[in-house]
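Peer 1: next comes the sequence, and after it the predicted model I'd like to discuss.
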Amino acid sequence: MSSRAWNAVQVGGTTLLVTFLLLPVAALALTLGWRDLLAGVRNPLLAPALRLSLTTSGSSLFLVVFLGSLVAWRVARHPGPLSRAIETVTQLPAVIPPAVAGVGLLLAFGRRGLVGAFLARHGYGLAFTTPAVVLAETFVSAPFFVQAAIAAFRRVDENLLTVSRTLGASPFRSFVRVALPLSAPALVAGAAMSWARSLGEFGATLLFAGNLTGRTQTLPLAVYTAMETDLRAAQALALIMVGLAFAMLLVLRRMSREAVRA
């Protein structure tokens, strides 16, 4: 294949895929008038769902980043069969269908589940509560951050860590002062993908946490509920969700660029 033909194939493939990815988002915006958008903003489902989504996705992101960083550092710096097994486990939620994840979470943490039965005997219940939403979002979004963090930590120069240790830094201080700054761009990118995944989580949340307004009804579930009665309201809520996710990703990308320059 000639260079001109290869270039044409690249341009054609890029145009086709980008157009396909943009078309549904463009359809959301171009087929909705301002009046319908304002009606969607005033929809009673929006405020509680937006507040709950921001709270739960923020909580799940904190858990994923904190625990995921520890797991990723352990896997990256201690290669071996155990680390490979741990890495495989952290990848598993990415290939499990969300509905299956929801059933698994229910059987693990429901009132009759493996852990849920013990909690129920002590007066605690997780299923169909707000913490259940956080657990569902954490389960489905963790692989996106953990895999990015593992790859980033593996690229940290071992010599820099050795120098840090010879200067008297503890392993924890070397991790915080050397590894984290060097890995920051990749960690921010992984956190952005993890947050976006948790914000859009639907299947696992519906099966494990339910669809209770103000308690477990996140933005995707609010869109699903609005679809049953008013397509325009569902479209407006979906467009607001797209705008929110896009704005958050822009902020995180800017933070990533600033980390690279630093």
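Peer 2: Nice, I can see it.
Peer 1: how many residues are close by the spatially closest residue to A169 that is not a sequence neighbour?
Peer 2: Of all residues not flanking A169 in the chain, R177 sits nearest, at 6.7 Å (Cβ to Cβ, 6 or more residues apart in numbering). For glycine as for every other residue, the C-beta is placed from the backbone atoms N, C-alpha and C. When neighbours are defined as other Cβ atoms under 10 Å, R177 has 12 of them.
Peer 1: and R177, how far from Q147?
Peer 2: 24 Å (Cβ to Cβ, to the nearest Å).
Peer 1: now whichever helix or strand V140 is part of: average pLDDT?
Peer 2: Using DSSP states H and E, V140 falls within helix 130-154. Summarised as a single mean, pLDDT over helix 130-154 is 95.
Peer 1: so after that helix, what's the next helix or strand?
Peer 2: helix 158-166.
Peer 1: list the contacts of S170.
Peer 2: S170 makes contact with no residue, according to Cβ atoms under 8 Å, 6 or more residues apart in numbering.
Peer 1: ignore the last one, L237
Peer 2: Per Cβ under 8 Å, 6+ apart, neighbours of L237: 40, 43, 45-46, 49, 219, 222-223, 226.
Peer 1: what about it, helix or strand, and which?
Peer 2: Using DSSP H and E, L237 maps to helix 231-261.
Peer 1: surely S194 and S141 touch.
Peer 2: Yes. S194 is in contact with S141 according to Cβ atoms under 8 Å; the separation is 4.3 Å.
Peer 1: can you check which residues contact both of those two?
Peer 2: In contact with both S194 and S141: 61, 64, using Cβ under 8 Å, 6+ apart.
Peer 1: how near is the residue lying closest to N43 once chain neighbours are set aside to V25?
Peer 2: Distances taken as Cβ to Cβ, 6+ apart put A233 closest to N43, at 5.0 Å, once the chain neighbours are dropped. The gap separating A233 from V25 is 18 Å, by Cβ to Cβ.
Peer 1: more neighbours: which of these two?
Peer 2: Shown here are A233 and V25; by other Cβ under 10 Å, A233 has more neighbours (23 against 13).
Peer 1: quick one: that one from A222, how far?
Peer 2: Distance of A233 to A222, computed by Cβ to Cβ: 9 Å.
Peer 1: overlap in contacts, those two.
Peer 2: Applying Cβ under 8 Å, 6+ apart, one finds that A233 and A222 are jointly contacted by L45.
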